[in-house]
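Participant: Okay, predicted coordinates and the sequence, questions at the end:
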Amino acid sequence: MSRIGRAPITIPAGVEVTVGEANLVTVKGPKGTLEKTLHPAMTIKVEGGIVTVERPDDEKENRSLHGLTRTILANMVEGVTNGFKKELEVNGVGYRVQKQGNQLVMNLGFSHQVTVDEVPGITIDVPDPNKIVINGIDKQKVGQFAADVRKKRPPEPYKGKGIKYVDEVIRRKEGKTGK
């Protein structure tokens with residue numbers, strides 16, 4: 001049996017979890033509300049302050065969905081209580097970032113400025129000209145938005161210029177050596 005899927009999810013104070021028909025799960029908390037339709041084969045039970053996920057049988061698909069469903073639910077509960085955050089770092093001479101209204105404006109060494117609009121449910125903070133902080137309650141949206149921003153100028157292996165995650169390690173290469 002899945003060790004992750006078997007683990008119960010404790011609901012913190014101020015969070016409300018409801019399961020509707022067709023496994024439509026709604027999680028309301030202090031930071032907002034999340035809704036997601038989960039796989040119909042999984043059985044989701046809310047008893048007291050604990051959510052448990054059970055699977056119908058031990059088929060391979062149901063075993064894999066068991067842990068996935070439990071993890072998605074745990075991330076929803078975590079998101080409405082604490083939220084999720086991704087930090088990006090911009091490295092390079094002349095590379096800088098600023099926020100204008102609800103747009104992220106980046107100078108990334110191109111002949112033009114690169115702008116990215118803020119997505120609903122996501123907030124962008126720029127504490128320094130070379131740091132971007134992305135916050136939100138939906139883990140998938142925060143991660144996807146951070147990946148989209150990083151894709152505008154991924155870090156290159158020779159000088160390390162580009163946009164990278166704060167905890168990312170870039171494998172550096174040695175340049176060509178002359179005679």
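Facilitator: All right, it came through fine.

Participant: Following element in sequence after the worst-scoring helix or strand of the chain on mean pLDDT, please.
Facilitator: With mean pLDDT, DSSP states H and E as the measure, the helix or strand of the chain carrying the lowest mean pLDDT is helix 3-6 (a mean of 90). Following helix 3-6 in sequence order, the next helix or strand is strand 9-10 (DSSP states H and E).

Participant: what residues does that following strand touch?
Facilitator: The contact list for strand 9-10, computed with CB atoms under 8 Å, 6 or more residues apart in numbering, reads 49, 50, 51, 52, 70, 73, 74, 77. (C-beta placed from N, C-alpha, C; glycine too.)

Participant: Also stretch 64-74?
Facilitator: Residues from elsewhere that reach stretch 64-74 (CB under 8 Å, 6+ apart): 1-5, 7, 9, 17, 25, 27, 36, 38-39, 41-42, 44, 51, 53-55.

Participant: Recalculate using a threshold of 6 Å.
Facilitator: 2, 4, 5, 9, 38, 39, 42, 51, 53, 55 (CB atoms under 6 Å, 6 or more residues apart in numbering).

Participant: which of the contacts of strand 9-10 are buried?
Facilitator: 51, 52, 70, 73, 74, 77 (16 or more other CB atoms under 10 Å).

Participant: From those residues, pick the one nearest residue 59.
Facilitator: Proximity of the buried ones among the contacts of strand 9-10 to residue 59 (CB to CB) peaks at residue 70, which lies at 17.0 Å.

Participant: how about the strand or helix carrying the closest one: buried residues?
Facilitator: Using DSSP H and E, residue 70 sits within helix 60-81. Residues of helix 60-81 classed as buried: 62, 65-81 (neighbour count, 16+ other CB under 10 Å).

Participant: Tell me who's in contact with residue 116.
Facilitator: Going by CB under 6 Å, 6+ apart, residue 116 touches 104, 149.

Participant: Tell me, what's the model's pLDDT at it?
Facilitator: With respect to pLDDT, residue 116 has a value of 95.

Participant: which neighbours does the helix or strand containing it have in its sheet, and in what orientation?
Facilitator: For residue 116, the host element (DSSP H and E) is strand 114-117. Under the criterion DSSP bridges, strand 114-117 sits next to strand 103-107 (antiparallel) in its sheet.

Participant: For the partner strand, what is the distance to the chain centroid?
Facilitator: Centroid displacement of strand 103-107 relative to its chain, using CA atoms, centre = their mean, to the nearest Å, is 20 Å.
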